[in-house]
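Enquirer: Fold the following, please.
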Amino acid sequence: ATNIYDEGKRLSLVADAGSHGTHVAGIAAACFPDRPALNGVAPGAQIVSCKIGDSRLGSMETGTGPVRGLIVARDNGCDLINLSYGESYLYPAAGRFPDLAWEFVHRHGIVFVSSAGNNGPALSTVGAPGGTASASIGVGAYVSP
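Expert: So this is what the prediction gives:
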């Protein structure tokens, strides 16, 4: 995708590093009026897409991307943010991002849903921010015997 800002003075080229975001968007908002069994959780919901991973780093996020994503969601009047991104952490709920997520939830009324990670099952295997930030609804899998 190509984005042009500041009356043509700034150009942003965005390259997809994978299809995970598209897959999650389909689960959320796919709409098939003639085949409702294929519908997503919220058929026809409007989606604002914001890439937070850096393709130069194998799609890893650096902190700047998620912050930009929060700002884009707020500026576009989003009701819900889904962050299907997570990573291991050293200090739970530390840093700028958890503080901003809290602000967006409590001051702007945005629901924040985030992945709890894929590192389990074991104690302390949930990822950040989904398993550590108090402002997010952490989503993860549970496997029972």
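Enquirer: What is the burial count for S55?
Expert: 14 (other CB atoms under 10 Å). Using the backbone N, CA and C atoms, a C-beta is placed for each residue, glycine as well.
Enquirer: so how far is A17 from it?
Expert: 5 Å (CB to CB, to the nearest Å).
Enquirer: Centroid-nearest residue for the chain?
Expert: Centroid check for the chain by CA atoms, centre = their mean gives L83 as the closest residue, at 1.6 Å.
Enquirer: Where does the prediction get shaky in this structure?
Expert: Across the chain, the ranges flagged by pLDDT under 70 are 86, 93, 120-121, 123-124.
Enquirer: try 90 this time
Expert: 1-26, 47-73, 81-104, 112-145 (pLDDT under 90).
Enquirer: where exactly do the strands run in it?
Expert: 2-5, 10-13, 80-83, 111-115, 137-139 (DSSP state E).
Enquirer: Out of these, the one nearest L70 is which?
Expert: Closest to L70 of those is strand 80-83 (CB to CB; 6.9 Å).
Enquirer: So which bits of that closest one are buried?
Expert: Neighbour counts over strand 80-83 (16 or more other CB atoms under 10 Å) mark 81-83 as buried.
Enquirer: Between the residues you listed, which sits nearest V24?
Expert: N82 (6.5 Å).
Enquirer: Could you count how many residues lie near the nearest residue to the closest one once chain neighbours are set aside?
Expert: Nearest residue to N82 in three dimensions, chain neighbours excluded: V113, at 5.0 Å (CB to CB, 6 or more residues apart in numbering). V113 sits with 15 neighbouring residues when counted by other CB under 10 Å.
Enquirer: One more: the one 4 residues further on?
Expert: G117: 23 surrounding residues under other CB under 10 Å.
Enquirer: Show me which residues of stretch 43-62 are buried.
Expert: Buried residues in stretch 43-62, counted by 16+ other CB under 10 Å: 50-53, 59, 61.
Enquirer: Please disregard the earlier target; I meant stretch 73-86.
Expert: Buried residues in stretch 73-86, counted by 16+ other CB under 10 Å: 73-74, 78, 81-86.
Enquirer: Name the pair among the residues you listed with the greatest separation in space.
Expert: R74 and G86 (21.2 Å).
Enquirer: farthest residue from the center of the chain?
Expert: Distance from the centre of the chain peaks at P145, with 30.3 Å (CA atoms, centre = their mean).
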